[in-house]
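Colleague: the following comprises the amino acid sequence and a computationally predicted model.
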Amino acid sequence: MESNLNIKKPDTPKLNIETVSSAVFGKEDGAGGGSGESIKNIHKTLSKLSGHIRKSLIRIKALEFNLQKIIPKVEEVEKKVIVNSEKITRIKKILKEQKNNIGKKLPGSNKDSCSNSTGTYEKFCIEIRTRKKSN
């Protein structure tokens with residue numbers, strides 16, 4: 001990611017010293033302090049602002065550096081998510097197909113053989129009961 005800190009626009013207005021009064025910086029002209037006091041206030045305010053700008057630029061540069069580290073990791077995770085979603089889709093299709101065909105694949109899965117099996121089981125249970133009673 002390219003930093004936009006070095007971009008300068010030629011149409012940027014320049015500060016016209018004649019139009020700026022010290023009232024903007026917290027002191028009224030002619031309020032007793034004289035122009036020396038107002039210049040100090042202007043200098044103080046500009047110094048604070050330049051300090052804030054410097055700190056902000058340092059923070060922005062650090063964020064850009066960290067972002068350059070993070071972007072490849074995010075792209076790698078995105079690729080893994082795509083692959084895993086494809087795997088999940090395949091597994092869902094396989095499960096659906098197995099669910100639809102499970103009755104056809106099992107031996108003796110038709111209804112007639114099931115009813116015959118339960119009938120023979122019942123006969124077997126009855127026979128065991130009668131033998132117990134006779135003993």
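Modeller: Yes, it's here. Keep in mind that what you see is a predicted model, and the values were worked out from it rather than measured.

Colleague: and the lowest mean pLDDT element among the helices and strands of this structure?
Modeller: Within the chain, confidence by mean pLDDT, DSSP states H and E is lowest for helix 111-134 among all helices and strands, at a mean of 73.

Colleague: what segments of this structure are helices?
Modeller: 34-105, 111-134 (DSSP state H).

Colleague: how about the ones you listed in a markdown table, adding mean neighbour count?
Modeller: All C-beta spots, glycine's among them, are computed from the backbone N, C-alpha and C. What follows is these, written out as a markdown table (neighbours: other CB atoms under 10 Å):
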| stretch | mean neighbour count |
| --- | --- |
| helix 34-105 | 11 |
| helix 111-134 | 10 |
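
Colleague: ok, of the ones you listed, where does mean pLDDT dip lowest?
Modeller: The weakest mean pLDDT among the helices of the chain belongs to helix 111-134, with a mean of 73.

Colleague: ok, Ile70 to Val77 distance?
Modeller: Counting by CB to CB, to the nearest Å, the gap from Ile70 to Val77 is 10 Å.
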